[in-house]
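*Asks:* this is the structure alone, sequence omitted:
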């Protein structure tokens, strides 16, 4: 057993224990104060970090082009950006607080408020993870709306709404669709290609013009449409397009899928991307084959008209020469022969010879007079077609001893004569001449009838004879038809934009029928 402690020793032990406890308490207090300081500093750091995160989030919200709104699980506003206020025309941040709900904020501009509200209620009642719809507003804007739910530990704690004004994009899409419809419905071939000449687009018009389907053409070189002799043409076009030039109304030739050559009018324009760089070309090709043939026909008709005019001028010159020179000399010769006849009454044989010479001279003189008159019908110039044809048919009948009649209704009884254009009168007159001369040369007719009638908007000219006729199949060759003068008559009718038909059978005569518009 230890020896019992003294009172002084007990006091010292108690003091030592108390001192150790005090030191422990002081140390614990200091540690607690240090931990409190550290916790406070950590809280401040966390608060600053959170503030920075919130500021960054708000800055991000403000930087986006979309209008953003955040709500809690019941639809009350918890956050938004400036673009949201502008989109929905709210006066400022004070217009929003946690008592506002998204359903009340944005329904005022909706074109269909009931449907709008119903849609919002459905979203909050069903809480889908994502939702998307389009809003048509009363001011004409179209808004694309997207929302996504915010969940924590599987619980719905809110929703973020994103609104984007797509009015311009919608209008651009509409215009683009309209342009695409126009391009697709165009009868012209509209072709897109890149700068290396590869076809990138091909409309229905291109299918009709060139015969290739879109599937066959897209991805192929545009040179497949070019004849062998024009392959170098593309390089020049690409060079001009690369400089930003437009090649307009360039006439050239292209090849269809079936190998047929087409005359086309080509317009090529550069295609730019969003940065203004030239990335390709758009070609509009119009098939002008028929138009070109029509132009050539018009040109040929003009050439023919000039030839006819030159022919008429030459006829007039020859007529003047026959009348003024040869005709006068023949008249002088005939008068001299008449004088010889009068002085040779005693020589019977000489008188007979001179008399025969006089008859030949009279016939030659008459033929020259008729030929001169036929070449230059003064009545046609002075009185018009109706009178000129009447005189010609009578003189022709007397000249060749063939019965001939002329009938016309151009001038009604008591009415003033209405002249036709000079070229119409001239060509119709020459058609009658050619037809009657053909009859004399080839048909040996006994009777001829010429009929000229006005019918509504055109003239009808008919020349009939009861001569030998001919087999029309025998005039199929160009030389045979030219020999009969048929081509000349048809060309004259064509100059007047009319038609000429011929009906004939061997032994049944010939009918020439011309119709020309008035």
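*Replies:* Structure's in. What do you need? Just so we're clear, the structure is a prediction, and the values are computed from it rather than from any experiment.
*Asks:* secondary structure class for residue 148?
*Replies:* strand (DSSP: H, G, I helix; E, B strand; the rest coil).
*Asks:* that one against residue 132, yeah?
*Replies:* No: here residue 148 lies out of contact with residue 132, judged by CB atoms under 8 Å, at a distance of 9.9 Å. Placement of C-beta: from N, CA and C, glycine included.
*Asks:* in terms of neighbours, single out the busier of these two.
*Replies:* Applying other CB atoms under 10 Å to residue 148 and residue 132 shows that residue 148 carries more neighbours, namely 15 against 11.
*Asks:* who's in contact with that one?
*Replies:* Residue 148 makes contact with 129, 130, 159, 160, according to CB atoms under 8 Å, 6 or more residues apart in numbering.
*Asks:* just the strands in the stretch 1-150 of the chain please.
*Replies:* With DSSP state E, counting those that start in this stretch as the criterion, the stretch 1-150 of the chain has strands at 67-72, 77-80, 130-136, 142-152.
*Asks:* then the stretch 351-500 of the chain?
*Replies:* Going by DSSP E, counting those that start in this stretch, the stretch 351-500 of the chain shows strands at 403-408, 447-455, 458-465, 499-504.
*Asks:* closest to residue 280 out of the ones you listed?
*Replies:* strand 499-504 (50.2 Å; CB to CB).
*Asks:* which strands and helices sit next to the closest one?
*Replies:* If contacts are counted by 3 or more CB pairs under 8 Å, 6 or more residues apart in numbering; DSSP states H and E, strand 499-504 sits against helix 486-495, strand 510-517.
*Asks:* give me the sheet partners of that strand and which way each runs.
*Replies:* Here strand 499-504 is paired, per DSSP bridges, with strand 510-517 (antiparallel).
*Asks:* just how off-centre is stretch 126-133 within its chain?
*Replies:* Distance, stretch centre to chain centre, for stretch 126-133: 48 Å (CA atoms, centre = their mean, to the nearest Å).
*Asks:* ok, back up a step: among the contacts of residue 148, name the buried ones.
*Replies:* Buried members of those, scored by 16 or more other CB atoms under 10 Å, are 159, 160.
*Asks:* nearest to residue 31 among the contacts of residue 148?
*Replies:* residue 160 (44.6 Å).
*Asks:* adjacent strands (with direction) for the helix or strand encompassing the closest one?
*Replies:* Counting by DSSP states H and E, the element that carries residue 160 is strand 155-165. Paired neighbours of strand 155-165 in the sheet (DSSP bridges): strand 67-72 (antiparallel), strand 142-152 (antiparallel).
*Asks:* quick one: buried residues of the last one?
*Replies:* Of the residues in strand 142-152, those scored as buried under the neighbour-count criterion (16+ other CB under 10 Å) are 142, 143, 144, 145, 147, 149.
*Asks:* and those as JSON lines, adding distance to residue 230 and pLDDT?
*Replies:* Output for those, formatted as JSON lines (distance: CB to CB, whole Å; pLDDT from 0 to 100):
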{"residue": "142", "distance to residue 230": "49", "pLDDT": "86"}
{"residue": "143", "distance to residue 230": "54", "pLDDT": "87"}
{"residue": "144", "distance to residue 230": "50", "pLDDT": "89"}
{"residue": "145", "distance to residue 230": "56", "pLDDT": "87"}
{"residue": "147", "distance to residue 230": "60", "pLDDT": "88"}
{"residue": "149", "distance to residue 230": "65", "pLDDT": "88"}
